[in-house]
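Student: Structure of the sequence below:
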Amino acid sequence: TGPEQWYDQAKQRLWLQTDRSSTDREAIYACRKGGSVFVLGVFAGPVDKFPLGAMMNKGLTVRGAQMHGQRYIPMLLDRVASGELSTAHLATHRMSLDDAPRGYDMFKNKTDGCVRAVFHPA
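Tutor: Here you go, the predicted model:
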């Protein structure tokens with residue numbers, strides 16, 4: 001929150017920074033001394049305001065990786081197909097394709113508790 005958030009948003013809107021480092025900063029600040037911070041995901045560009053001093057002073061271990069999709073996705077799809085795993089809880093709204101504009105607007109503005117809209121053909 002505050003000036004750091006405004007600064008990050010301005011840089012992202014001007015395409016000067018492509019990755020969001022605010023969550024990484026928060027994790028480092030919230031981590032206990034001697035703890036570990038693990039960053040999972042795809043990060044393509046450099047980020048500024050990385051709290052190197054806080055990381056060093058706390059003696060943190062910082063690690064990162066991307067998701068190993070090629071390894072896990074086939075097994076997960078098999079489990080979904082067999083009914084062992086359900087993904088029904090991931091969709092907060094189900095709509096027809098005709099309602100797509102309304103659904104995208106609900107998702108964009110986070111109205112009606114919309115986290116994920118799923119569109120089905122009529």
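
Student: contacts for stretch 84-96?
Tutor: For stretch 84-96, contacts defined as CB atoms under 8 Å, 6 or more residues apart in numbering pick out 76, 79-80, 102-103, 106, 112-122. The C-beta positions use only the backbone N, C-alpha and C, and glycine is treated the same way.

Student: Same check on stretch 8-28?
Tutor: Residues from elsewhere that reach stretch 8-28 (CB under 8 Å, 6+ apart): 4-5, 37, 39, 43-51, 54-55, 58, 60, 62.

Student: list the buried ones in it?
Tutor: 8, 11, 17, 21-22, 24-25, 27-28 (16 or more other CB atoms under 10 Å).

Student: CA atoms only: put that stretch into CSV for me.
Tutor: Written as CSV, here are the backbone C-alpha positions of stretch 8-28 (Å, rounded to 0.1, in the frame of the first residue of the first chain):
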residue,chain,number,x,y,z
ASP,A,8,4.7,-0.1,-9.0
GLN,A,9,1.4,0.6,-10.8
ALA,A,10,2.8,3.5,-12.7
LYS,A,11,5.8,1.5,-13.9
GLN,A,12,3.6,-1.4,-15.0
ARG,A,13,1.2,0.9,-16.9
LEU,A,14,4.2,2.5,-18.7
TRP,A,15,5.6,-1.0,-19.5
LEU,A,16,8.8,-0.1,-17.6
GLN,A,17,8.3,-3.1,-15.3
THR,A,18,6.6,-6.3,-16.3
ASP,A,19,6.7,-8.3,-13.1
ARG,A,20,5.0,-7.7,-9.8
SER,A,21,7.5,-7.6,-7.0
SER,A,22,5.1,-6.4,-4.3
THR,A,23,4.2,-9.9,-3.1
ASP,A,24,7.8,-10.9,-3.0
ARG,A,25,8.7,-7.8,-0.9
GLU,A,26,5.8,-8.6,1.5
ALA,A,27,6.9,-12.2,1.8
ILE,A,28,10.4,-11.1,2.7
